[in-house]
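1. I'd like to go over a predicted model; first the sequence, then the structure.
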Amino acid sequence: MKILFVTDLYPIGEEKIAKALFYFVQEWQKLGHEVDVIRANFITNTLLRGRKITEEKLYEESGTKIYNLNFHTPFFFNVYNKLPKDFSLKNYDVMISHMPCGALMAQKLLKKEKIKYICSVHASDITVLTDFKYLPFRNSLKKAYKLADKISARSPILKEKIEKIIPNNKTFVAYSGIDIEPIEKPLNKELTITTVASLIKRKNIDVIIKALNEMPQIKLNIIGSGPEEKNLKKLANGSNIQFLGQLQKPLVIEQLNKSDIFVLLSDNETFGLSYLEAMATGNIVIGKKGDGIDGILKDNENGFLINPNSEELKKCIDKILSMKEDEISTIKANCAKTIKELTSQSAAENYLKNIQ
């Protein structure tokens with residue numbers, strides 16, 4: 001099968017862009033499929049997200065052609081003017097879009113030629129469809145969804161949300177996977193909690209810090225960097241809280257191997273591979289109820305789901321500390337089972353199965 005993948009969330013070179021979609025493409029290629037990428041960048045959006053403008057041209061990386069296209073506005077643009085003259089959707093079996101920018105780009109392509117089309121839902125799509133300040137984009141995005149033969153949601157909770165906004169019976173979950181053999185380990189006597197995130201407001205790292213300020217016997221490691229770092233360091237008033245900065249993936253995994261509990265209570269989280277990495281490295285995971293990992297992470301079964309406030313987090317940590325050894329073992333065994341079912345290959349195969 002030949003796949004056209006349309007999104008702005010695809011890394012080129014050493015760009016600091018989440019690699020979840022990159023992993024899908026790599027796995028599809030391993031399965032014998034050919035994948036080309038159109039990276040649709042709307043310049044204002046790119047700058048607002050703190051990214052650099054990458055040169056507009058054709059890149060070839062890891063066996064993938066990437067057409068990096070830059071546009072000033074998401075409303076008035078002609079994508080075919082920027083593509084090779086022999087480019088045609090008819091050269092592909094299916095087009096898959098991710099993120100609002102990708103959906104708007106796919107909509108433009110479909111005006112000229114028709115092809116089987118899958119539109120994927122991220123947390124940012126739900127924001128555009130529900131937040132009043134994005135009203136100019138809302139109708140365009142809804143039209144893109146209505147053009148889709150199927151809608152893929154990046155998590156079970158996003159599937160529920162999009163089906164409420166746009167009632168349909170054609171949505172499936174396109175979850176991500178990782179390739180880390182899960183381990184089970186006992187809780188250390190000196191407990192360590194880890195979080196891995198960009199230090200921005202919606203990640204709610206302040207909630208974790210406030211809770212751990214009142215639990216000085218527990219160590220907190222914060223991995224990541226971002227505009228809120230200075231404020232968060234001021235908020236952290238205990239020597240038990242350390243900021244480790246931005247770390248490369250092997251060092252993140254090394255820290256998670258030493259950790260006991262992983263906490264991430266983000267608002268508008270699409271999925272988050274860091275949850276899976278934490279589960280694979282034997283951490284008990286605490287996530288936000290009704291967001292991102294909810295549905296993969298099941299409360300009191302393979303982890304815990306709470307509302308993002310420091311009191312609930314403290315109660316949850318106290319609950320874990322009071323659990324019997326066999327209860328902890330059950331949580332961790334269920335966690336390991338979940339990870340074994342969520343490999344990169346199984347995730348890619350699940351995606352293609354739902355398309356085919």
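-> Cool, the structure landed. Small disclaimer: the values here were computed from a predicted structure and weren't measured. Residues are numbered from 1 along each chain as shown.

2. now do the contacts for Leu110.
-> Leu110 sits next to 89, 95, 117, 147 when contact means CB atoms under 8 Å, 6 or more residues apart in numbering. Every C-beta, even on glycine, is put in place using the N, C-alpha and C of the backbone.

3. show me those that map onto helices.
-> Leu147 (DSSP state H).

4. go through the contacts of Leu110 and give me the one with the most neighbours.
-> Met95 (26 neighbours; other CB atoms under 10 Å).

5. I'd like the distance between that residue and Glu113.
-> 10 Å (CB to CB, to the nearest Å).

6. got any residues that touch both of these two?
-> Common contact partners of Met95 and Glu113 (CB under 8 Å, 6+ apart): Leu89.

7. next one: phi and psi at the closest residue to Glu60 other than its chain neighbours?
-> Closest residue in space to Glu60, ignoring its immediate chain neighbours: Ile66 at 7.2 Å, by CB to CB, 6 or more residues apart in numbering. Backbone torsions of Ile66, given as degrees, to the nearest 10, read phi -120, psi 110.

8. same deal with Leu220?
-> The phi/psi pair for Leu220 (degrees, to the nearest 10) is phi -120, psi 120.

9. I'd say it and Ser239 touch.
-> No. The pair Leu220 / Ser239 is not scored as a contact, 10.6 Å apart, by CB atoms under 8 Å.

10. check which helix or strand covers Lys189.
-> Using DSSP states H and E, Lys189 maps to neither a helix nor a strand.

11. list just the nearest of the contacts of Leu110 to Asn188.
-> Met95 (48.7 Å; CB to CB).

12. show me what contacts the closest one?
-> Met95 sits in contact with 3-6, 89, 106, 109-110, 115-118, where contact means CB under 8 Å, 6+ apart.

13. equivalent analysis for Leu305, please.
-> 286-290, 294, 297-299 are the contacts of Leu305 under CB under 8 Å, 6+ apart.

14. just to revisit the earlier point, between Leu220 and Ser239, which one's more packed in?
-> In this view Leu220 and Ser239 are compared by other CB under 10 Å, and Leu220 has more residues nearby, 25 against 8.

15. quick one: contacts for the more buried one?
-> Contacts of Leu220 by CB under 8 Å, 6+ apart are 192-195, 208-209, 212, 240-242.

16. mark which of those residues are buried, thanks.
-> 192-195, 208-209, 212, 240-241 (16 or more other CB atoms under 10 Å).

17. farthest pair in the residues you listed?
-> Within the buried ones among the contacts of Leu220, two members stand farthest from each other by CB to CB: Thr192 and Ile209, at 15.0 Å.

18. and the strands in this protein?
-> Secondary structure of the chain (DSSP state E): strands located at 2-7, 34-42, 57-61, 64-71, 94-98, 117-121, 150-153, 171-173, 192-196, 219-223, 241-245, 261-264, 284-288, 304-306.

19. ok, which of the ones you listed comes nearest Leu135?
-> Here strand 34-42 is closest among the strands of the chain (CB to CB), at 16.8 Å.

20. ok, residues contacting the closest one?
-> With CB under 8 Å, 6+ apart, strand 34-42 has contacts from 1-8, 10, 12, 25, 28-29, 53-54, 64-74, 79, 83, 92, 101-102, 104-105.

21. which residues does the closest residue to Glu190 other than its chain neighbours contact?
-> Distance criterion CB to CB, 6+ apart; nearest residue to Glu190, sequence neighbours excluded, is Lys219 at 6.9 Å. Residues near Lys219 by CB under 8 Å, 6+ apart: 190-193, 240-242.

22. pick out whichever of those sits closest to Ser176.
-> Ile193 (23.5 Å).

23. wait, the closest one touches Ile317, no?
-> Yes. In this structure, Ile193 is within contact of Ile317 by CB under 8 Å, at 7.5 Å.

24. which residues do these two both contact?
-> 218, 261.

25. just give me the longest helix of the chain.
-> helix 325-341.

26. now that one: average pLDDT?
-> The predicted model gives helix 325-341 an average pLDDT of 92.

27. could you list the low-pLDDT ranges of the stretch 51-200 of the chain?
-> 74-76 (pLDDT under 70).

28. again, 80 this time
-> Low-confidence segments of the stretch 51-200 of the chain, defined by pLDDT under 80, span residues 51-53, 73-78, 133-137, 168-169.

29. residue ranges of the helices in it, please?
-> Taking DSSP state H, counting those that start in this stretch as the test, the helices found in the stretch 51-200 of the chain are 99-112, 123-130, 135-147, 156-165.
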